[in-house]
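curious how this folds, go ahead:
(one chain, ligands or ions: 1)
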Amino acid sequence: MSMQKRVDGIQQRIAQACARAGRDVESVRLIAVSKTYAPEHVQEAVECGLSVFGENRVYEAASKIPACPGHLEWEFIGHLQRNKVMRAVSLFQMLHGVDSLPLLRKVSACAGECGKTMPVCLEVNVSGESSKYGFAPDDVPGALEEANALMHVDVVGLMTIPPFTPDSEDARPFFQRLRELRDACSVPSGFELAELSMGMSGDFEVAIEEGATCVRVGTAIFGSRT
Ligand SMILES: *Cc1c(COP(=O)(O)O)cnc(C)c1O
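This is a model prediction of the structure:
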């Protein structure tokens, strides 16, 4: 199947999930996760109408982004090491997966040095799996309070990765819990937390039904990574 057909199919499924949930299709952004894929593949995706790309390695992105068309938006979706924050802040328009207070502070400091304010999503480890990065749900209110005092980060929302499962329905409770956490935190924290970054190739429709505003889709667009 051509990439155009795959992208069209995904857009259609996004629209159908929005319709089921009574949501406006414009309320969901498709982030094309291009990690491990070369600039030629990004170019092909651009020709299919995509313009927002996600990467999870700073080093890889630093060589890829300059080799791609200049008008694209790049968002960092992975675990960010402290010594790569400055680079990430200058390369990316948004950071998903900010998973600790020290990292949040560092992002603010680096963004300040670059003269910008960085939009970020806090990653929440909803499932509590020890293999996963992210704030424990109970720690999110405190992190938001701390974020209020940081001048150069704007916490625009929450992000999560549910446990891997072949049945996307199994992911639904984790998406629900992220949305409930957002609803509970938004007013007291003073952050609108408009973004819910959740849903990947295998479960983006369920995520949209549960309120996702950005879905991070890789293999369903580019094919499986080797
Ligand atoms: C790789 C990755 C994705 C995309 O996963 P696919 O299953 O290929 O769609 C989404 N989010 C994060 C954080 C990732 O690392």
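
from now on I want contacts and neighbour counts done on CA atoms only, so please keep to that.
Will do.

how far away is the nearest residue to Val28 once chain neighbours are set aside from Val155?
Spatial nearest neighbour of Val28, chain neighbours left out: Thr213 (4.4 Å); criterion: Cα to Cα, 6 or more residues apart in numbering. Separation of Thr213 from Val155 (Cα to Cα, to the nearest Å): 14 Å.

who has more neighbours, those two?
Val155 (23 against 20; other Cα atoms under 10 Å).

hey, what's the more buried one bridged with?
Val120 (DSSP bridges).

would you confirm that it contacts Phe191?
Yes: the pair Val155 / Phe191 is scored as a contact, 6.8 Å apart, by Cα atoms under 8 Å.

any common contacting residues for the two?
Leu144 (Cα atoms under 8 Å, 6 or more residues apart in numbering).

up against the ligand, what does this structure have?
33, 56, 77-78, 200-201, 216-219 (Cα under 6 Å from any ligand atom).

I'd like the residues you listed as a markdown table, with pLDDT, neighbour count and secondary structure appended.
Converted to a markdown table, these look like this (pLDDT from 0 to 100; neighbours: other Cα atoms under 10 Å; DSSP: H, G, I helix; E, B strand; the rest coil):
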| residue | pLDDT | neighbour count | secondary structure |
| --- | --- | --- | --- |
| Val33 | 98 | 27 | strand |
| Asn56 | 98 | 20 | coil |
| Ile77 | 98 | 24 | coil |
| Gly78 | 92 | 18 | coil |
| Met200 | 98 | 24 | coil |
| Ser201 | 98 | 16 | coil |
| Arg216 | 98 | 22 | strand |
| Val217 | 98 | 23 | strand |
| Gly218 | 98 | 23 | coil |
| Thr219 | 98 | 16 | helix |
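
and of those, the nearest to His96?
Nearest to His96 among the residues of the chain next to the ligand: Ile77, at 4.8 Å, using Cα to Cα.

contact partners for the nearest residue to that closest one once chain neighbours are set aside?
Setting aside the residues directly before and after it, Ile77 is nearest to His96 in space (Cα to Cα, 6+ apart), at 4.8 Å. Listed by Cα under 8 Å, 6+ apart, the contact partners of His96 are 75-78, 120-123, 159, 197.

repeat that with 6 Å
Neighbouring residues of His96 by Cα atoms under 6 Å, 6 or more residues apart in numbering: 76-77, 120-121.

what's the first helix or strand after whatever helix or strand it lives in?
Using DSSP states H and E, His96 sits in strand 94-98. For strand 94-98, the following helix or strand on the C-terminal side (DSSP H and E) is helix 101-113.

may I have that following helix as CSV, with CA atoms only?
Presented in CSV, the C-alpha positions along helix 101-113 are these (Å, rounded to 0.1, in the frame of the first residue of the first chain):
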residue,chain,number,x,y,z
LEU,A,101,10.9,18.0,38.1
PRO,A,102,14.7,18.4,37.5
LEU,A,103,14.1,18.0,33.8
LEU,A,104,11.3,20.5,33.9
ARG,A,105,13.5,23.0,35.6
LYS,A,106,16.3,22.4,33.2
VAL,A,107,14.0,22.9,30.2
SER,A,108,12.9,26.2,31.7
ALA,A,109,16.5,27.3,32.2
CYS,A,110,17.6,26.4,28.7
ALA,A,111,14.5,27.9,27.1
GLY,A,112,15.2,31.1,29.0
GLU,A,113,18.8,31.1,27.6
